[in-house]
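# need the 3D shape of this:
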Amino acid sequence: MHTAYDKASKPKHFHSNIKLPLEIKSKIKERNRTRKLWQRTRDPTLKTDFQNLNCEIKDLISNHKNIAWENFTDSLNDNTKNSGGKVKSMRKSLQNIPPLETDANRHSGFPCRKGRGNRRLLEAPI
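Here you go, the predicted structure:
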C-alpha cells in the first residue's frame, strides 16, 4: 500500500526563498529542540520557553526582512536614474474602493453615494 501511495504522490518540498543569518537559524534549531522536548514531557516551563522563542524568531525574521527591503530600495535609488518611480509605486498603498450600491444595502442605512462612482465605471460600455 505504501509503494502505491509513494508512486502516486509527489513529494512536497518546503524551501524558503529567504536566506537567513546563522543567528536566526540557530534560534530556529533551538526552538525545534524545545518543541520536541515539550511534546515528550508536556512541561509547562518548556512550553513558555517554546512560545518565547517563537515570538523572538518572528521578530528577528521581520526585522531581517525589513532591513533587506530597505537595502533593496536604497540600491534602486543609488543605482538607476529611473528607479524613483519604481520605488514610489512599490511603497504606495493601494487605493480603497468602496462597496457597490445594491438593493440590499440601500435600505440598511448604508450611504448609497459611495457606490455610484463604481457603478458608473462598471456599467460603462467597453
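
# so, low pLDDT: which residues of this protein?
Low-confidence segments of the chain, defined by pLDDT under 70: 1-2, 13-16, 77-95, 98-126.

# all helices for this protein, in order.
Ranges of helices in the chain, per DSSP state H, are 2-8, 22-41, 44-79, 83-91, 103-106, 113-123.

# what is the third one packed up against?
What it means is helix 44-79. On a contact count with 3 or more Cβ pairs under 8 Å, 6 or more residues apart in numbering; DSSP states H and E, helix 44-79 meets helix 22-41, helix 83-91. Just so you know, the C-beta spots here come from the backbone N, C-alpha and C atoms, and that holds for glycine as well.

# buried sites along that helix?
By neighbour count on 16 or more other Cβ atoms under 10 Å, the buried set for helix 44-79 is Leu46, Asp49, Phe50, Leu53, Ile57, Leu60, Ile61, His64, Thr73.

# so which of those comes closest to Ile24?
Set against Ile24, the nearest of the buried residues of helix 44-79 by Cβ to Cβ is Leu60 (5.0 Å).

# can you count the residues close to the residue lying closest to that closest one once chain neighbours are set aside?
Nearest residue to Leu60 in three dimensions, chain neighbours excluded: Ile24, at 5.0 Å (Cβ to Cβ, 6 or more residues apart in numbering). Ile24 is flanked by 16 other residues according to other Cβ atoms under 10 Å.

# also Gln39?
Applying other Cβ under 10 Å, we find 11 residues neighbouring Gln39.

# next, work out how far apart it and Lys47 are.
10 Å (Cβ to Cβ, to the nearest Å).

# again with Arg40
Distance, Arg40 to Lys47, using Cβ to Cβ: 12 Å.

# repeat for Glu56
For Glu56, the distance to Lys47 (Cβ to Cβ) stands at 15 Å.

# what's the answer for Lys58, then?
17 Å.

# ok, back up a step: looks like the residue nearest to Leu60 contacts Asp59 (just checking).
No. Look at Ile24 against Asp59 with Cβ atoms under 8 Å: they stay out of range, at 10.2 Å.

# my guess is Leu46 contacts Trp38. True?
Yes. Using Cβ under 8 Å, Leu46 makes contact with Trp38 at a distance of 3.9 Å.
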